[in-house]
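Asker: I'll drop the sequence and a predicted model, then ask my questions.
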Protein chains: 2
Amino acid sequence: MKLSEGVEWAAHACAVMAALPPERVIPAAALAAFHDLPAPYMSKHLQALARAGLVVSTRGAGGGYRLARGARDISLWDVAQAIEGPGRSFRCQEIRRKGPCPTPAADCTKPCAIAAVFWDAEEAYRDALQRISIADVTRRIALGMDDARRAQLAAWIETAQGGQRV
Amino acid sequence: MKLSEGVEWAAHACAVMAALPPERVIPAAALAAFHDLPAPYMSKHLQALARAGLVVSTRGAGGGYRLARGARDISLWDVAQAIEGPGRSFRCQEIRRKGPCPTPAADCTKPCAIAAVFWDAEEAYRDALQRISIADVTRRIALGMDDARRAQLAAWIETAQGGQRV
């Protein structure tokens, strides 16, 4: 069971967008360049974030993306779901109802015992990702930075952002 | 992020094997037939369980599979890992080290803050599946059964098992 690399890219892109001044946007190409990633794929992932309502964008010269709400209101679960799509990881095909000794329909009102365990595990996974926001992530990343690095990042953000405001 | 259907099949097959008398085996074809599943795919999943050391098999007429150890000593995590393969779900590509503002190597001795959160979530998922054994699953399935159904299953197991002992 593997997560798409897009989850990593999108989470890092959100962390960069969290550093933008209010109302400012950053072009998709700059978000790709920041981590030396291919721009077309980054654009695809940013569009997925937009479809999920996590970012907003403006088109044209000076346009780009920003977070649609505060970084503390976007969890890593939100990002993972936006890229991976909704739905459970374990898809119960109800095979207990098939074959020579099918479980009677009356005994299938509750989920299969096997599916129930996997779904509980998925809830534990989801809960862990929902507890951590993009703001938490940027705070943790910033903890390890010295002033020179902070200044380097601020200068890059200043240069990279688009002229439009939204 | 989707689990292979083989995880469901393999978990159910383990629950059936848990009902075998000691030392007795059940052919792969019977394990497939029990849930009306295609035998070649079920065989593939059983071979994955064997490679992971969860089941043992004997070949030839009357041969088949049985659990390699007690059903209480095989967790749903063991089964999922056997089918899905090892390794983390979130594969950190260390993109923080790339681009125009790479994180300095000295600041990369700890995992990336984003990867760390996903890995914590994976641990929560793993822990939940490790807590539940095949024996737990069969106990939960049996809870809903009446005597007629118990007898039906016992009769099927009696007919389906191979003659060999291991």
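Answerer: Nice, I can see it. Because the structure is predicted, anything quoted here is derived from the model rather than measured.
Asker: Tell me where chain A has helices.
Answerer: Remark: helices assigned in chain A by DSSP state H are A:5-17, A:28-34, A:39-51, A:76-84, A:113-130, A:134-143, A:147-160.
Asker: count of neighbours near A:Arg72?
Answerer: For A:Arg72, the neighbour count with other CB atoms under 10 Å in any protein chain shown is 13. The C-beta positions use only the backbone N, C-alpha and C, and glycine is treated the same way.
Asker: residues contacting it?
Answerer: A:133-136 (CB atoms under 8 Å, 6 or more residues apart in numbering or on different chains).
Asker: Same question for A:Arg149.
Answerer: B:101, B:104.
Asker: A:Thr138 too?
Answerer: Per CB under 8 Å, 6+ apart, neighbours of A:Thr138: A:15, A:18-19, A:71.
Asker: Need those residues in JSON lines (columns: pLDDT, neighbour count and distance to chain B).
Answerer: Shown next, in JSON lines, are those (pLDDT from 0 to 100; neighbours: other CB atoms under 10 Å in any protein chain shown; distance: CB to the nearest CB, whole Å):
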{"residue": "A:Ala15", "pLDDT": "98", "neighbour count": "23", "distance to chain B": "7"}
{"residue": "A:Ala18", "pLDDT": "98", "neighbour count": "20", "distance to chain B": "12"}
{"residue": "A:Ala19", "pLDDT": "96", "neighbour count": "16", "distance to chain B": "11"}
{"residue": "A:Ala71", "pLDDT": "98", "neighbour count": "19", "distance to chain B": "13"}
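Asker: Max pairwise distance over those residues: which two?
Answerer: Using CB to CB, those span at most 9.0 Å, a distance reached by A:Ala19 and A:Ala71.
Asker: Tally up the residues packed near A:Gly85, please.
Answerer: 12.
Asker: Tell me how far it lies from chain B.
Answerer: Distance, A:Gly85 to chain B, using CB to the nearest CB, to the nearest Å: 9 Å.
Asker: repeat for A:Ser89
Answerer: 5 Å.
Asker: A:Leu20 now?
Answerer: Per CB to the nearest CB, A:Leu20 is found 15 Å from chain B.
Asker: Just give me the neighbour total for the closest residue to A:Ala61 other than its chain neighbours.
Answerer: Spatially, and ignoring its direct neighbours in sequence, A:Ala61 is nearest to A:Gly163 (7.5 Å; CB to CB, 6 or more residues apart in numbering or on different chains). Neighbours of A:Gly163 under the rule other CB under 10 Å: 10.
Asker: try A:Arg139
Answerer: By the criterion of other CB under 10 Å, A:Arg139 has 14 neighbours.
Asker: Name all residues that make contact with it.
Answerer: A:Arg139 neighbours (CB under 8 Å, 6+ apart): none.
Asker: CA atoms of stretch A:76-95 as CSV?
Answerer: Backbone C-alpha positions of stretch A:76-95 (Å, rounded to 0.1, in the frame of the first residue of the first chain) are rendered in CSV as follows:
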residue,chain,number,x,y,z
LEU,A,76,-2.2,16.5,6.4
TRP,A,77,-5.2,14.2,6.1
ASP,A,78,-6.9,16.9,4.0
VAL,A,79,-3.9,17.0,1.7
ALA,A,80,-3.6,13.2,1.5
GLN,A,81,-7.3,12.9,0.6
ALA,A,82,-7.1,15.6,-2.0
ILE,A,83,-4.3,13.7,-3.8
GLU,A,84,-5.3,10.1,-3.2
GLY,A,85,-9.1,10.6,-3.5
PRO,A,86,-11.7,9.6,-1.0
GLY,A,87,-12.8,6.1,0.0
ARG,A,88,-11.5,3.5,2.3
SER,A,89,-8.2,1.7,1.7
PHE,A,90,-9.7,-1.7,2.5
ARG,A,91,-12.6,-2.3,0.1
CYS,A,92,-14.7,-5.1,1.5
GLN,A,93,-16.1,-7.2,-1.4
GLU,A,94,-18.4,-9.2,1.0
ILE,A,95,-16.9,-12.5,0.0
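Asker: Report the mean confidence score over it.
Answerer: Taken as a whole, stretch A:76-95 has a mean pLDDT of 96.
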